[in-house]
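> How does the following fold in three dimensions:
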Amino acid sequence: MKSLVTVFLILIFIVGCNSTINTTQTNNTNLPEGAVRIANDSLEYEITIIDIGFESYLNSIAKPANFYSQSYYETKNIFYVSEWNIRAQNPLRYNSSIYENVIDYNFNINYGLDVNYKLYNYFKFVEYKYKVKLY
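Numbering: from 1, shown residues only. Okay, the predicted model is just below:
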């Protein structure tokens, strides 16, 4: 299960020249300015998304986490992850600077509300920022 989570961490979104993702197995509270932490400590993983505008998007445009249920986010993430992976595996057809990595998101693992909420909103942010439609 840890290997799936590790692959899931690697997968996530190094989008554009100004974006990086730092994945670690620790709880580093000294995040760079503008970074968003996605973690489920009981599953022992952490993803840090450093993408200009994502934190602002979460705070100003995204609905609150409890606006939808966890099952809603999980269902949407199934479709978003599937489409993302199709695009990441077809760099000649889709912009490889947006879809750099395949996401190994295990739909049978309960990542929790916070992780699913932030992942869902990262997809919405990508749609908003790059004017693409993922789903």
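> Tell me how many other residues crowd residue 63.
10 (other C-beta atoms under 10 Å). For glycine as for every other residue, the C-beta is placed from the backbone atoms N, C-alpha and C.
> and it, helix, strand or coil?
coil (DSSP: H, G, I helix; E, B strand; the rest coil).
> Counting by contacts, list what the strand or helix carrying residue 118 packs against.
For residue 118, the host element (DSSP states H and E) is helix 113-130. In terms of contacts (3 or more C-beta pairs under 8 Å, 6 or more residues apart in numbering; DSSP states H and E), helix 113-130 is packed against strand 36-40, helix 54-60, helix 70-88.
> Go through the second one and flag the buried ones.
By neighbour count, with 16 or more other C-beta atoms under 10 Å as the criterion, the buried positions of helix 54-60 are 54-55, 57-58.
> What average pLDDT does that helix get?
Helix 54-60 carries an average pLDDT of 93.
> Need the residues that contact it.
34-36, 118, 121-122, 124-125, 128-129 (C-beta atoms under 8 Å, 6 or more residues apart in numbering).
> May I see the ChimeraX selection of the buried members of the residues you listed?
With 16+ other C-beta under 10 Å as the criterion, this ChimeraX line picks the buried residues out of the contacts of helix 54-60:
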select :35,36,118,121,122,124,125,129
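> Export the contacts of helix 54-60 to CSV and append columns for pLDDT and distance to residue 106.
Below are the contacts of helix 54-60 laid out as CSV (pLDDT from 0 to 100; distance: C-beta to C-beta, whole Å):
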residue, pLDDT, distance to residue 106
34, 65, 28
35, 71, 24
36, 78, 21
118, 93, 17
121, 96, 20
122, 94, 17
124, 96, 21
125, 95, 22
128, 95, 26
129, 94, 26
